[in-house]
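S.K.: Sequence first, then the predicted structure, then my questions.
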Amino acid sequence: MTQPDAPSPAAAPPDAAGRVVVDPVETQREHVPTPFWTLVVGSVGVVYGDIGTSPLYAFREALGPARADGVLLEEEVLGTTSLILWALVLIVTIKYVVILLRMDNNGEGGILSLMALARKALGGSTLVFVLGLLGASLFYGDAVITPAISVLSAVEGIKLITPAFEHYVLPITIVIIVALFLVQSRGTSKVAAFFGPIMVVWFLALGLAAVPHIAANPGVFAAFNPWYAVHYLLGHGTGALVALGAVFLAVTGAEALFADLGHFGRRPIQVAWLGLVGPCLILNYLGQTALVLAKPDTADPFYQLVPEWGLIPMVILATLATVTASQAVITGAFSLSRQAIQLGLLPRLEIRHTSESHSGQIFLPQVNLLLLLGVVVLAVLFRSSSALASAYGIAVTGTMLLTASMAYVVLWKVWKLSPIAAAAAIMPFIVIEFLFLLSNLLKVFEGGYVPLVLAAGLIIVMWTWVRGVGILVRKTRKTDVPLVELVAMLEKSPPHHVRGTAIFLTSDPEIAPAALLHNLKHNKVLHEKNVILTVQTVDTPRSEEADRSRIEPIGPHFSKIVMKFGYMETPNIPRALAQLRKQGFKFDIMSTSFFLSRRSIRPAAHSGMPLWQDRIFITLAKNANDATDFFQIPTGRVVEVGTQVTV
């Protein structure tokens with residue numbers, strides 16, 4: 001639940017004059033229809049950027065264990081390719097494109113959306129909540145690592161032009177990363193419009209570059225035989241497990257595909273994968289296989305697919321593609337952050353809508369800045385894509401495994417399959433992803449600790465926020481006055497009444513708001529019309545229009561209003577109040593004052609949390625976005641009453 005008089009959940013930015021700009025995107029409004037093929041091309045540009053750049057490094061890294069003994073056998077090469085191809089078929093095509101994209105929560109995807117769906121089906125399971133929290137934290141790790149490894153792997157291609165360029169790889173990478181994060185404020189739609197066509201060209205180039213090599217050795221199609229994959233796994237012991245960790249690099253980006261569902265919709269994403277992205281990726285991996293079989297000492301099979309004259313254009317195209325790859329997880333991180341804010345897992349952060357036709361296209365400046373800093377630090381520390389490859393897999397495999405676990409609950413409870421049928425459908429993916437996770441855990445000390453440290457930090461932040469808000473609520477309960485009792489007292493001995501409407505925001509409609517009590521205590525007046533307003537966040541991405549607001553009179557001068565918003569919506573209180581005119585509520589913004597309680601938080605001597613956690617909570621609360629902005633209330637109509645609270 002949103003708690004307006006305590007630090008709590010997101011917002012429209014104020015303009016230069018300090019007034020809140022009414023957001024042009026309203027979830028209540030019908031979306032302007034976007035042509036289907038525009039959405040398909042846009043999804044190629046944003047959703048598939050991450051997985052589309054995996055050929056740059058996935059096959060090269062996956063061959064590493066087979067090369068360890070200095071002898072590269074044909075069955076080892078085909079076995080590696082077979083593992084990659086079947087990972088693409090089973091995990092990306094069947095699990096994500098066919099099954100998970102149908103598990104949308106009112107059009108929205110991602111692990112938190114799936115968590116909300118599973119929790120609702122189980123009646124509020126704490127275990128599912130914790131799993132969702134862990135999965136979300138790991139996804140942020142992916143969002144930091146992906147831009148660093150993707151851009152580094154592309155820019156490293158300039159070393160093949162001339163070794164003299166080697167010293168420029170890191171500086172060029174950092175410049176590109178900074179530029180990428182600077183353009184995020186322009187919005188997903190503008191980025192998609194620019195990068196969509198480029199990514200279409202990229203995927204066509206992936207396929208075309210491979211065709212001559214496949215034509216020279218059509219025997220590479222034998223890699224579709226799963227026997228090669230199984231034989232490789234069973235015959236190479238620990239080396240096969242290490243190879244699996246690298247093979248998994250070929251399917252990173254599938255989770256971002258699910259998280260970005262709300263940006264483009266299910267059908268465009270499915271058509272893009274089946275019609276272009278999937279076939280071109282498969283062709284490229286087969287082409288790299290044919291090249292390595294012909295020239296086993298090939299150091300960089302991706303760039304050596306193209307003739308010498310095509311190297312520079314391919315490096316440029318790969319760099320543009322990797323920028324787009326980063327876009328997929330960045331937009332996924334924005335969507336996930338808004339969901340976390342609305343579910344009360346994070347404090348309010350500024351949220352800007354960047355599209356008039358798609359409410360899911362948003363920009364979070366604070367998240368963008370933190371991601372930028374994290375990506376630059378990783379690029380500087382690891383310096384190469386090969387070094388970062390070890391850090392990459394754990395974040396993605398962990399998130400995928402947790403997603404599969406929650407998908408089981410949805411299959412069983414929401415889709416009404418029997419527990420055995422649900423297990424039969426989802427267990428193969430859990431087994432495969434568990435093997436991938438196991439293989440990636442072998443790399444913990446080589447860099448795999450990075451996503452684990454990031455996830456642990458985020459879990460501590462979210463846990464601290466939830467715990468701190470809970471302690472605040474419990475402490476304020478001790479001094480609470482039931483609203484019904486206060487109204488009865490005021491009717492018996494009424495204070496002086498002034499004209500106009502006063503709206504008091506509170507998290508609990510049964511308790512008199514602190515701002516109301518302070519107004520009576522210090523100003524000794526009461527407006528002729530008083531509204532106790534509570535804003536609730538529901539477990540669906542958007543609330544039903546008919547259930548948006550409920551008004552209940554509780555006396556001649558008092559009314560209670562409960563407003564419900566979905567966790568993908570940014571509440572706009574003035575607009576919602578204006579819509580209550582249909583229920584007989586007269587609302588004039590110019591004769592209305594909004595009373596909010598602003599709490600100054602201090603650490604208590606005997607706190608419910610350790611001192612270090614107190615300090616984290618207080619820092620988060622101080623940096624939370626203003627409730628006035630969050631609820632899109634014009635600043636000139638707000639009265640804030642300050643109180644001090646210890647936590």
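M.R.: Received, thanks.
S.K.: Counting by contacts, list what the helix or strand where residue 420 lies packs against.
M.R.: Element membership for residue 420 (DSSP states H and E) is helix 419-441. Here helix 419-441 touches helix 237-247, helix 385-409, going by 3 or more Cβ pairs under 8 Å, 6 or more residues apart in numbering; DSSP states H and E. The way it works is simple: take the backbone N, C-alpha and C, and place the C-beta from them, glycine included.
S.K.: what's downstream of the lowest-mean-pLDDT helix or strand in the chain, the next helix or strand?
M.R.: None of the helices or strands of the chain scores lower by mean pLDDT, DSSP states H and E than strand 352-353, at a mean of 72. Next helix or strand after strand 352-353 toward the C-terminus (DSSP H and E): strand 362-363.
S.K.: mind checking how far that next one is from the chain centre?
M.R.: The chain centroid and the centroid of strand 362-363 are separated by 11 Å under Cα atoms, centre = their mean, to the nearest Å.
S.K.: For the helix holding residue 420, buried residues please.
M.R.: Within helix 419-441, the residues scored as buried using 16 or more other Cβ atoms under 10 Å are 422, 425-426, 429-430, 432-433, 435-437, 439-441.
S.K.: ok, now stretch 380-396?
M.R.: Of all the residues in stretch 380-396, those buried under the rule 16+ other Cβ under 10 Å are 382, 385, 386, 388, 389, 390, 391, 392, 393, 394, 395, 396.
S.K.: do the same with stretch 606-614
M.R.: By neighbour count on 16+ other Cβ under 10 Å, the buried set for stretch 606-614 is 609, 613, 614.
S.K.: Also stretch 60-68?
M.R.: For stretch 60-68, by 16+ other Cβ under 10 Å, it's 60, 61, 62, 63, 64, 65, 66.
S.K.: now the helices: where do they sit in the stretch 401-550 of the chain?
M.R.: 419-441, 449-477, 483-492, 514-523 (DSSP state H, counting those that start in this stretch).
S.K.: so which of these comes closest to residue 340?
M.R.: Closest to residue 340 of the helices of the stretch 401-550 of the chain, according to Cβ to Cβ: helix 449-477, at 7.1 Å.
S.K.: Tell me the helices and strands packed up against the closest one.
M.R.: Using 3+ Cβ pairs under 8 Å, 6+ apart, helix 449-477 sits against helix 126-155, helix 385-409, helix 611-623, strand 638-646.
S.K.: rewinding a little: from the middle of its chain, how far away would the helix holding residue 420 be?
M.R.: 23 Å.
S.K.: pLDDT below threshold where in the chain?
M.R.: For the chain, the stretches with pLDDT under 70 are 1-33, 187-192, 328, 353-361, 539, 605, 607, 647.
S.K.: buried stuff in the longest strand belonging to it?
M.R.: Looking across the chain with DSSP state E, the single longest strand is strand 525-538. Buried residues in strand 525-538, counted by 16+ other Cβ under 10 Å: 526, 527, 529, 530, 531, 532, 533, 534, 535, 537, 538.
S.K.: on contacts alone, who are the packing partners of it?
M.R.: strand 496-505, helix 514-523, strand 558-566.
S.K.: Of all the ones you listed, which one is nearest residue 123?
M.R.: strand 558-566 (19.0 Å).
S.K.: just to revisit the earlier point, can I get the buried residues of strand 525-538 in a markdown table including distance to residue 320?
M.R.: A markdown table is the format used below for these (distance: Cβ to Cβ, whole Å):
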| residue | distance to residue 320 |
| --- | --- |
| 526 | 63 |
| 527 | 59 |
| 529 | 58 |
| 530 | 58 |
| 531 | 53 |
| 532 | 54 |
| 533 | 48 |
| 534 | 48 |
| 535 | 43 |
| 537 | 39 |
| 538 | 40 |
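S.K.: Much appreciated, bye for now.
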